[in-house]
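A.B. asks: What follows is a protein structure lacking sequence information:
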């Protein structure tokens, strides 16, 4: 079943075509998620543009966005806090760097603390 396009951004910038034979070609996500022991993740504390609130930011994930969403959900659940996954980064509310590092290393990820 084809997914419904909800907004113009779902079309990848195509707004209108005068060509009667035009068919939009959907991009297929061919990226392969690397195994946990080959992922090089960076865990850092970020306070910029957040009104002084601190978030733990996990960057460097290489793979499908669905797998990143699963990792983000697992981290939020195990830390017991909220957060989101945007632009290839996982944001966890609060300063939980040590807890996140322990969880990632226990699951076999190569994780390093980054930043100050």
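C.D. replies: Nice, thanks for sending it over. If you're wondering where the values come from, they're calculated on a predicted model, not measured in any experiment.

A.B. asks: quick one: secondary structure of residue 90?
C.D. replies: strand (DSSP: H, G, I helix; E, B strand; the rest coil).

A.B. asks: how about the helices of this protein, start to end?
C.D. replies: Secondary structure of the chain (DSSP state H): helices located at 65-79, 97-106.

A.B. asks: Near residue 45, how many other residues are there?
C.D. replies: 16 (other Cβ atoms under 10 Å). Heads up, the C-betas are built off the backbone N, CA and C, glycines and all.

A.B. asks: any idea how far the closest residue to residue 78 other than its chain neighbours is from residue 95?
C.D. replies: The shortest distance from residue 78 to any non-neighbouring residue, by Cβ to Cβ, 6 or more residues apart in numbering, is to residue 103 (5.4 Å). Relative to residue 95, residue 103 is positioned 15 Å away (criterion: Cβ to Cβ, to the nearest Å).

A.B. asks: more crowded one of those two?
C.D. replies: Using other Cβ under 10 Å as the criterion, residue 103 and residue 95 rank with residue 103 on top: 17 against 13.

A.B. asks: Any idea which of the helices of the chain gets closest to residue 90?
C.D. replies: Of all the helices of the chain, helix 65-79 sits nearest to residue 90, with 4.3 Å by Cβ to Cβ.

A.B. asks: How about that closest one, which residues are buried there?
C.D. replies: Using 16 or more other Cβ atoms under 10 Å as the test for burial, helix 65-79 gives 67-68, 71-72, 75-76, 78-79.
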